[in-house]
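Asks: Generate a structure from the sequence data that follows.
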Amino acid sequence: MSVSVLTLVRGRREHLVNLIAGLNASLRQPDELVIAYMQPAAHADLPATGFPIREVFVAGDEMPLAAARNRAAAAASGDQLIFLDVDCVPSPTLVGRYAETALQPGGIRLGEVLYLPAGAVADGIDFAALDRIGKRHPDKPAIARDEIRPTPSHGELWGLSFAIAAADWRRAGGMDERYIGYGGEETDFAARLEQAGVAMWWVGGARAYHQHHVVHTPAFQHFDAIIRNARLFRATWGRWCMQYWLGQFSERGLIAWDDEAITILRQPTAEEIAGSKMSPETLFS
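Replies: Okay, here's the model as predicted:
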């Protein structure tokens, strides 16, 4: 069974270097890495690998996340697709664990992600140290390394790290490219998976480590995209997604929001956007 790792990149060169270093340290290396660049040119001087790297380029000033995932999947040759966020360093067992669970239980599998403090990989990657200092997101379950657990709902889909058969990706129709910019496309894809009858599982042993970057809370810098994509999701599925962000926008008087519609009352100010930047100690929103 062949395995492709796919990642999306805009900027984040050092994060990509560390992702590749993690793949190089894998006990079961991937058969290829596919990089979907959301920028005009590839990063130079990336680490050498024992597997090929394919590059695709996806245009768009706003982050074309759904389109970039579709282009990466179309370019991949693997029977299994592992989508790994560029911020993530894979553990040595991630690729192998996703590969060995491809048939049993199959479906789409979500791996554990630990969030790292700033500077955690500045002097190289020490996986034992990352296990000690990494923090689990409080909304995500703890899972043993040999455990497989069904998710309570497809809404659990987490775009940082997941694996799916290429055939199941096609069966669900890939991602909806009407979603442009931040938010909504993963939740929409989860609904497509459920509709297509693709089961979803948490898989232990497929751990990744999320490299630190600045967090904004609320996500004022993505205000327009969140509103647009939330409206699209509501029109498609008859319910809202991203209620967390919408609730914060509503509480701060930016929108009026009910079961049927969002009304924009005002845009976030430059001061609000600047003030939403969290301290370096904040690992996740």
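
Asks: Got phi/psi on residue 216?
Replies: phi -110, psi 130 (degrees, to the nearest 10).

Asks: Does it touch residue 282 like I think?
Replies: No. In this structure, residue 216 is not within contact of residue 282 by Cβ atoms under 8 Å, at 9.5 Å. C-betas here are computed from N, CA, C, even on glycine.

Asks: The longest helix seen in the chain: what's the following helix or strand?
Replies: When the chain is parsed with DSSP state H, its longest helix is helix 223-237. Sequence order places helix 243-251 as the next helix or strand after helix 223-237, per DSSP states H and E.

Asks: Measure how that following helix sits relative to helix 223-237, angle-wise.
Replies: Relative orientation of helix 243-251 versus helix 223-237 (axes from the mean of the first three to the mean of the last three Cα atoms, to 10 degrees): 120 degrees.

Asks: same for helix 243-251, what does it pack against?
Replies: Using 3 or more Cβ pairs under 8 Å, 6 or more residues apart in numbering; DSSP states H and E, the elements in contact with helix 243-251 are helix 223-237, strand 255-257.

Asks: what's the spacing between residue 22 and residue 107?
Replies: 24 Å (Cβ to Cβ, to the nearest Å).

Asks: what about these two, which has more around it?
Replies: Applying other Cβ atoms under 10 Å to residue 22 and residue 107 shows that residue 22 carries more neighbours, namely 24 against 19.

Asks: for the more buried one, helix, strand, or coil?
Replies: helix (DSSP: H, G, I helix; E, B strand; the rest coil).

Asks: Distance check, it against residue 39.
Replies: 22 Å.

Asks: shouldn't residue 169 be in contact with residue 81?
Replies: Yes. Between residue 169 and residue 81 there is a contact under Cβ under 8 Å: 5.9 Å.

Asks: Quickly list what's touching both of the two.
Replies: Taking Cβ atoms under 8 Å, 6 or more residues apart in numbering as the criterion, residue 169 and residue 81 both touch residue 73.

Asks: okay, now residue 272: neighbour count?
Replies: Neighbour count of residue 272, defined by other Cβ under 10 Å: 15.

Asks: Go through the helix or strand where it lies and flag the buried ones.
Replies: According to DSSP H and E, residue 272 maps onto helix 270-275. The neighbour-count check on helix 270-275 (16 or more other Cβ atoms under 10 Å) flags residue 273 as buried.

Asks: switch to numbering from 2
Replies: Sure, I'll start counting at 2 from here, so that last one is helix 271-276.

Asks: Check whether residue 108 really touches residue 197, as I assumed.
Replies: No. Contact status for residue 108 versus residue 197: not in contact, 10.4 Å apart, counting by Cβ under 8 Å.

Asks: what residues are shared contacts of the two?
Replies: residue 169.

Asks: Between the two ends of stretch 26-36, what distance do you get?
Replies: 18 Å (Cα to Cα, to the nearest Å).

Asks: which residues sit in contact with the nearest residue to residue 8 once chain neighbours are set aside?
Replies: Take residue 8 and drop its neighbours on the chain: the residue closest to it by Cβ to Cβ, 6 or more residues apart in numbering is residue 87, 4.9 Å away. Applying Cβ under 8 Å, 6+ apart to residue 87 gives the contacts 8-10, 13, 16-17, 20.

Asks: which among the residues you listed gets closest to residue 158?
Replies: residue 9 (15.8 Å; Cβ to Cβ).

Asks: Helix, strand or coil: sort out the closest one for me.
Replies: strand.

Asks: those strands in the stretch 2-151 of the chain, which residues are they?
Replies: 4-10, 33-38, 54-58, 81-85, 89-91, 109-116, 136-137, 149-151 (DSSP state E, counting those that start in this stretch).

Asks: Quick one: those strands as a markdown table, columns for mean pLDDT and mean neighbour count too.
Replies: Converted to a markdown table, the strands of the stretch 2-151 of the chain look like this (pLDDT from 0 to 100; neighbours: other Cβ atoms under 10 Å):
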| stretch | mean pLDDT | mean neighbour count |
| --- | --- | --- |
| strand 4-10 | 98 | 24 |
| strand 33-38 | 98 | 24 |
| strand 54-58 | 98 | 16 |
| strand 81-85 | 98 | 26 |
| strand 89-91 | 98 | 27 |
| strand 109-116 | 98 | 24 |
| strand 136-137 | 96 | 14 |
| strand 149-151 | 97 | 14 |
